[in-house]
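Enquirer: Predicted model and sequence follow; I will ask about them next.
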Protein chains: 4
Amino acid sequence: MNFASDNVSPQCPEILDALNAEASGNAPAYGSDATSAQLDTAFSKLFDTDVAVVPVATGTAANCISLSALVSPFGGIVCHPEAHINEDESTGVAFFTGGAKLMPLDGPAAKLEAKSLDAFLASRVDRGVHSVAPECVAITQATELGTVYTAREVQTIGEICKKRDLRLFMDGARFANALAHLGCHPGDITWKAGVDAISFGATKNGAMAVDAIVLFDTSLRSKVEQARKRSGHLYSKHRYLASQLLAYIRGDVWLNNARHANGAAKTLCDMLVSHGATLAHNADANELFVKLAPELAQQLRDAGALFYPWPSLGEDIYRFVTAWNTEIAQIGLLNDRIAHK
Amino acid sequence: MNFASDNVSPQCPEILDALNAEASGNAPAYGSDATSAQLDTAFSKLFDTDVAVVPVATGTAANCISLSALVSPFGGIVCHPEAHINEDESTGVAFFTGGAKLMPLDGPAAKLEAKSLDAFLASRVDRGVHSVAPECVAITQATELGTVYTAREVQTIGEICKKRDLRLFMDGARFANALAHLGCHPGDITWKAGVDAISFGATKNGAMAVDAIVLFDTSLRSKVEQARKRSGHLYSKHRYLASQLLAYIRGDVWLNNARHANGAAKTLCDMLVSHGATLAHNADANELFVKLAPELAQQLRDAGALFYPWPSLGEDIYRFVTAWNTEIAQIGLLNDRIAHK
Amino acid sequence: MNFASDNVSPQCPEILDALNAEASGNAPAYGSDATSAQLDTAFSKLFDTDVAVVPVATGTAANCISLSALVSPFGGIVCHPEAHINEDESTGVAFFTGGAKLMPLDGPAAKLEAKSLDAFLASRVDRGVHSVAPECVAITQATELGTVYTAREVQTIGEICKKRDLRLFMDGARFANALAHLGCHPGDITWKAGVDAISFGATKNGAMAVDAIVLFDTSLRSKVEQARKRSGHLYSKHRYLASQLLAYIRGDVWLNNARHANGAAKTLCDMLVSHGATLAHNADANELFVKLAPELAQQLRDAGALFYPWPSLGEDIYRFVTAWNTEIAQIGLLNDRIAHK
Amino acid sequence: MNFASDNVSPQCPEILDALNAEASGNAPAYGSDATSAQLDTAFSKLFDTDVAVVPVATGTAANCISLSALVSPFGGIVCHPEAHINEDESTGVAFFTGGAKLMPLDGPAAKLEAKSLDAFLASRVDRGVHSVAPECVAITQATELGTVYTAREVQTIGEICKKRDLRLFMDGARFANALAHLGCHPGDITWKAGVDAISFGATKNGAMAVDAIVLFDTSLRSKVEQARKRSGHLYSKHRYLASQLLAYIRGDVWLNNARHANGAAKTLCDMLVSHGATLAHNADANELFVKLAPELAQQLRDAGALFYPWPSLGEDIYRFVTAWNTEIAQIGLLNDRIAHK
């Protein structure tokens, strides 16, 4: 009963099969193989627009390499303080961009609000070379606190970026979970809303290790590929990245995995609430942030559940994360164990 | 009949099995899992000394992260002009080290010669902050041209480094092939010879995607782990890196794979020579650099062999690389096809 | 009547004389000259402890080079949001340190408060390589808002740093003004309080262009000198930096200049208050932040006074800066002109 | 009798006067002053084309900041091994460019030869992201070994750059000496020949401390100014840089200074040759590289001459540098002292 993270799950059967299918015979290295050749087409079809796909093995790489192509070394990146790029990637952004500065802007439940973003940008006094000018806005979809921007919210942020000539980047480590929640077309919350590039996460949602940089502005490809190479993120046996991604999006595996995880989160949420837990905020995707009485927290632990306290949200707040492989039956079992206490 | 590179091969059965064995059930992320926990012990046993093991997915990452822990941003790294870090990793070394400078020093067949290294170092005039002082020597074992340093040669270079207070780094992308050739203990050509850190390559020799940074100076671990994280090379599902490495060194898989590749290279070499090819230089490991008459080169291509010209060594020089999965029978078949022309 | 900045002033007579005294005859380059040779001794005497002095031409260089020697590329630097390193040096800190992160911590009137600093540091959850660990605290003395840390305040911050094994850096662009206000020994608010390095500013207080990096931890010298060279801050005609610094501290020129500027600020303050202005906060040194009624602001402008609005402190708040060359009589004249309106 | 370097000289009278003229009264900071406002116009007139001028205090800063605007972090810079950027600026180029690689290409007397440059560029195999592609050619005029490219030579290199879409940068630390030698218009060996940017040196030829980045491609201005700021090279009292530059080019001061230095070098050369010295190579500007018999070298030293051995050119080779203030009479005196031995 592991609710510690979606990173604890293994790859899903479809991806395992795809990896094993690559495991015989030789193939050209560094992305010249037949599997890798399918990426651009497959993702262009998925997004219904021409995209460039550059796969890497981790989300930090996908985020930082993307940002290095979107901002100058002198620029600023507006993001939520809770953003993974701000809180969980060490000094990666500065390293990859050559010094660009993160500009945390608070908002409820890890979301940037259009209104406060606009006000923040409007209030910046441009002091030329002395100050850092925002060049990019980075949002996470679904957010680090399990909330999801609506299509309209992303579009409004996109309009603000366009108006001010800023780039818009999306950390989509849990993009599938967001989309499963929204039920819209992937284009609606990306390129149609003005997103220039996205980290299209797969690792947390059924892959072994792959996140794709998907570039809606395909002119960024060369810079991204150069940054990928020199940062050591170009796989020699590139087909193993490509095959994961293709299996991930084939036949809606990615969305089905996400729907399952989101559903499990809802089931878990209902169960916890029935025992007196209260939500810290909306749980849109596969992460729950709930307030638990100390006794309940202890009962859950005693019953075998793994989960983390989340002190930044306050005392007695805990995070539960579900994944593509969370067993609904286990939640029922957990409920039984607590109920009998 | 793919002799283009050892990167074209898939993972070997033992590693495939190990990966699949991880593919069920949850496990803690970022290296806290039980598989990853075995790495230090397993490699310490292998090398017969205490080591710190930090796995990453690519050789470029292993090399550049290691070097970033060994030199300052103001320092120099002496290496052969043919070194992968000099010729094949874009501007990776400067990126990871924050500016350190590669100092190419020529030598026969991609090897640094102790004598010329010593002379080079002795001839450097220290002009304080104006000039770049060598801080590290980097050698590749086996080299990019398929030659192998003898244990004595590595030891002599190690002594030179020690005398001048320089770090010694080994790019071991094909370390197994070197060791299979030498038949010595892995410690003999590493820590006993003064090597501080090695990129312990597995990808080219049977893994899917993993090279281990093995630190003989274990005090470097913290810096290496920080550099790994912020460069996006820390896998969340770390067990997939660890399991490859453990399977790789278990039961001599790595050496057996290398012995096979080296043997195939010898068979191929004999065959080519029998058709008039001449060696550009010694072929110690699994790479051949041979001079082929244009007709022979064409016959080989016609017969289905894939291989690259190597213009930096001269006209009509070609590279052939064998791997753990090269079929000896195919070399015989190739011979037959040519012979019948 | 220029109260826009202390940067608008020329060099003071003593420094002009010293520069002109160097302007004849040859001298060894890059700091090997006789003038430069006096720096360490002169400043060691001034601070009453052994220091290493590395002069550069700008405050940004002094701050950023110092910090690059104090923190790792993975580390954090706690500073006030108003700090020059955070607000006025573009992405300089990340550039020089290779990625270190500024961690703004608010406090009244641009000062870090010991209590909140301690609480901030205590509350940081160490998440290993994922999060950025504070490695240094940077304070500005006098602050960017014209306030001055008491000796006791610096000492308390120093104790916090020591307790947590953090470096303590002081941006002393207006160190003389702070000292003139406090009347203590320069050692009391630097090395005796645990400061590792200071940007010892001279440019704003009578020099043409020189700020000295003064290292109380002299083991940092080599790293600082290397960083200075490769960032282009090592003057070939180094004597021109050294001569300014020596003239600056000789015969208390620096303190006399600062006393004059502080006194002028007080006179100006009294005058403005007499016309209804109110202080935004304490004016300890040579900068005033005052609230002016729109009419008064306009009268001052009409009377020929140059000064800037300071919107970050609120509406109708303005900054006035005095310098070593501010004429007290001009303040009287300004008063007369306003009074007659 | 200081022939150690042209860096040992003080500023010339015209520049001293200009500095002193600025030394009274206030002026806006950071380049908003009236003196700084004249730079673009004055240099545009000098070069007979629209240029952007960005002054800094050192040649290393001028070179490295310029290059950071001309190449990407992934790119290569072809230069002579003797180039100051390769041999004398520590790891400055990699630091400022974020990792760009110097590609030393040998040639006689510190000059890149068009023929070998073309051959070098033609021979580069483009291996995509794996290899570093040259993006810029950097030449020094006059060179570090005292030779001067003819206008035709620069133009031919410019054509090669244009043909291959490479940037052309000129390190003009001794640009005045080169021009004094050639007698052509400054535009002939810069923008008309395809030079994108030049470090227009003044420090070695009569200034106190200023070299100007002169951009013929004025679109680079913003990037250069941002790089200047964050590297700490933007003077607050900018007028002191500007006034030096304006005095330097007013009334041909720069060319007269250079003509004097070049003439003194010729006189010194003739004198040394008359005593048996032989030139290592042509002495076009103000630097001599001569072979001296040990006795002659000793006699010169005994007679009070300061000069350096130059071991990279061979045994018994010495460098003599003259400057704007070298006294011809002293050379006569030196001759007398030797002659009497």
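Expert: Received, thanks.
Enquirer: Measure how buried A:Trp324 is and give me the count.
Expert: A:Trp324 has 27 neighbours, counted by other Cβ atoms under 10 Å in any protein chain shown. Glycine gets a C-beta too; all of them are placed from N, C-alpha and C.
Enquirer: quick check, it in a strand?
Expert: No. Per DSSP: H, G, I helix; E, B strand; the rest coil, A:Trp324 lies outside any strand segment and is coil.
Enquirer: ok, for it, nearest residue in space, not its chain neighbours?
Expert: Using Cβ to Cβ, 6 or more residues apart in numbering or on different chains and skipping the chain neighbours, the partner closest in space to A:Trp324 is A:Asn257 (3.6 Å).
Enquirer: residues contacting the residue of the stretch 51-200 of chain A found nearest chain D?
Expert: Chain D sits closest to A:Val129 of the stretch 51-200 of chain A, with a gap of 3.7 Å, by Cβ to the nearest Cβ. Contact analysis of A:Val129 by Cβ atoms under 8 Å, 6 or more residues apart in numbering or on different chains lists A:Phe74, C:Ser90, D:Glu225, D:Gln226, D:Arg228, D:Lys229, D:Arg230, D:Leu234.
Enquirer: Please apply the same query to A:Leu168.
Expert: Contacts for A:Leu168 (Cβ under 8 Å, 6+ apart) come out as A:Cys136, A:Val137, A:Ala138, A:Ile139, A:Ile157, A:Gly158, A:Cys161, A:Ala193, A:Gly194, A:Val195, A:Asp196.
Enquirer: List only those of these flagged as buried.
Expert: Buried members of the contacts of A:Leu168, scored by 16 or more other Cβ atoms under 10 Å in any protein chain shown, are A:Cys136, A:Val137, A:Ala138, A:Ile139, A:Ile157, A:Gly158, A:Cys161, A:Ala193, A:Gly194, A:Val195, A:Asp196.
Enquirer: Quick one: list the elements packing against the helix or strand hosting A:Gln155.
Expert: For A:Gln155, the host element (DSSP states H and E) is helix A:151-163. Helix A:151-163 is packed against helix A:114-123, strand A:134-140, strand A:167-172, with contacts defined by 3 or more Cβ pairs under 8 Å, 6 or more residues apart in numbering or on different chains; DSSP states H and E.
Enquirer: Among the contacts of A:Leu168, find me the one that's closest to D:Leu272.
Expert: Comparing the contacts of A:Leu168 against D:Leu272 with Cβ to Cβ places A:Cys136 closest, at 60.9 Å.
Enquirer: so that closest one bridges to which residues?
Expert: Applying DSSP bridges to A:Cys136 yields these beta-bridge partners: A:Ile77, A:Arg167.
Enquirer: how about A:Ser312, what does it touch?
Expert: A:Ser312 makes contact with A:Glu82, according to Cβ under 8 Å, 6+ apart.
Enquirer: nope, A:Ile198 is what I was after
Expert: The contact partners of A:Ile198, by Cβ under 8 Å, 6+ apart, come to A:Ser66, A:Phe169, A:Met170, A:Asp171, A:Gly172, A:Phe175, A:Thr190, A:Ile213, A:Val214, A:Phe216.
Enquirer: Dump those residues into a markdown table; add neighbour count as well.
Expert: Formatted as a markdown table, the contacts of A:Ile198 follow (neighbours: other Cβ atoms under 10 Å in any protein chain shown):
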| residue | neighbour count |
| --- | --- |
| A:Ser66 | 31 |
| A:Phe169 | 26 |
| A:Met170 | 29 |
| A:Asp171 | 27 |
| A:Gly172 | 30 |
| A:Phe175 | 29 |
| A:Thr190 | 28 |
| A:Ile213 | 27 |
| A:Val214 | 30 |
| A:Phe216 | 21 |
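Enquirer: what's the most distant pair in these?
Expert: Largest separation among those by Cβ to Cβ: A:Asp171 and A:Phe216, giving 14.7 Å.
Enquirer: Regarding the spatially closest residue to A:Gln141 that is not a sequence neighbour, what is its secondary structure?
Expert: Closest residue to A:Gln141 apart from its sequence neighbours, by Cβ to Cβ, 6+ apart: A:Ala178 at 4.5 Å. The assignment at A:Ala178 comes out as helix when based on three-state DSSP.
Enquirer: Tell me how far A:Ala178 lies from chain B.
Expert: For A:Ala178, the distance to chain B equals 19 Å [Cβ to the nearest Cβ, to the nearest Å].
Enquirer: from what I can see A:Ser44 touches A:Gly187, true?
Expert: No. At 10.7 Å, A:Ser44 does not count as touching A:Gly187 under the criterion of Cβ atoms under 8 Å.
Enquirer: got the contacts of A:Ile198 as a markdown table, with pLDDT and distance to chain D columns?
Expert: Listed next are these as a markdown table, based on pLDDT from 0 to 100; distance: Cβ to the nearest Cβ, whole Å:
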| residue | pLDDT | distance to chain D |
| --- | --- | --- |
| A:Ser66 | 98 | 16 |
| A:Phe169 | 98 | 19 |
| A:Met170 | 98 | 24 |
| A:Asp171 | 98 | 23 |
| A:Gly172 | 98 | 24 |
| A:Phe175 | 98 | 26 |
| A:Thr190 | 98 | 26 |
| A:Ile213 | 98 | 14 |
| A:Val214 | 98 | 19 |
| A:Phe216 | 98 | 21 |
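Enquirer: Most proximal residue of the stretch 151-300 of chain A with respect to chain B?
Expert: The minimum distance from the stretch 151-300 of chain A to chain B, using Cβ to the nearest Cβ, falls at A:Gly232 (3.2 Å).
Enquirer: Which helix or strand contains the nearest residue to the residue of the stretch 51-200 of chain A closest to chain D once chain neighbours are set aside?
Expert: Excluding its sequence neighbours, the residue lying closest to A:Val129 (Cβ to Cβ, 6+ apart) is D:Lys229, at 3.7 Å. Element membership for D:Lys229 (DSSP H and E) is helix D:221-230.
Enquirer: Okay, and the beta partners of A:Val54?
Expert: Going by DSSP bridges, A:Val54 forms beta bridges with A:Ile213.
Enquirer: so who does it touch?
Expert: Residues in contact with A:Val54 (Cβ under 8 Å, 6+ apart) are A:Ile65, A:Ala212, A:Ile213, A:Leu215, A:Arg221, A:Val224, A:Glu225, A:Arg228.
Enquirer: Ok, A:Ala227 next?
Expert: A:Ile65, A:Ser68, A:Ala69, A:Phe96, D:Phe74.
Enquirer: And the buried ones among the contacts of A:Leu168, which two are furthest apart?
Expert: Distance extremes for the buried ones among the contacts of A:Leu168: the farthest pair is A:Cys136 and A:Ala193 at 14.9 Å, using Cβ to Cβ.
Enquirer: The residue lying closest to the residue of the stretch 151-300 of chain A closest to chain B once chain neighbours are set aside and chain C, how far apart?
Expert: Nearest residue to A:Gly232 in three dimensions, chain neighbours excluded: B:Ala61, at 3.2 Å (Cβ to Cβ, 6+ apart). Separation of B:Ala61 from chain C (Cβ to the nearest Cβ) stands at 15 Å.
Enquirer: now for the helix or strand where B:Ala61 lies, which elements pack on it?
Expert: Secondary structure assignment for B:Ala61, by DSSP H and E: helix B:59-70. Contacts defined by 3+ Cβ pairs under 8 Å, 6+ apart place helix B:59-70 against strand B:52-56, helix B:84-87, helix B:92-97, strand B:134-140, strand B:167-172, strand B:197-201, strand B:211-215, helix B:221-230.
Enquirer: and the longest helix along chain A, average pLDDT?
Expert: Of all the elements of type helix in chain A, the one with the most residues (DSSP state H) is helix A:253-274. Average pLDDT, helix A:253-274: 98.
Enquirer: Name the residues that touch whatever helix or strand comes next after it?
Expert: Next along the chain after helix A:253-274, taking DSSP H and E as the criterion, comes strand A:278-279. Outside strand A:278-279, the residues within contact range by Cβ under 8 Å, 6+ apart are A:Cys269, A:Val273, A:Leu288, A:Phe289, A:Val290, A:Lys291.
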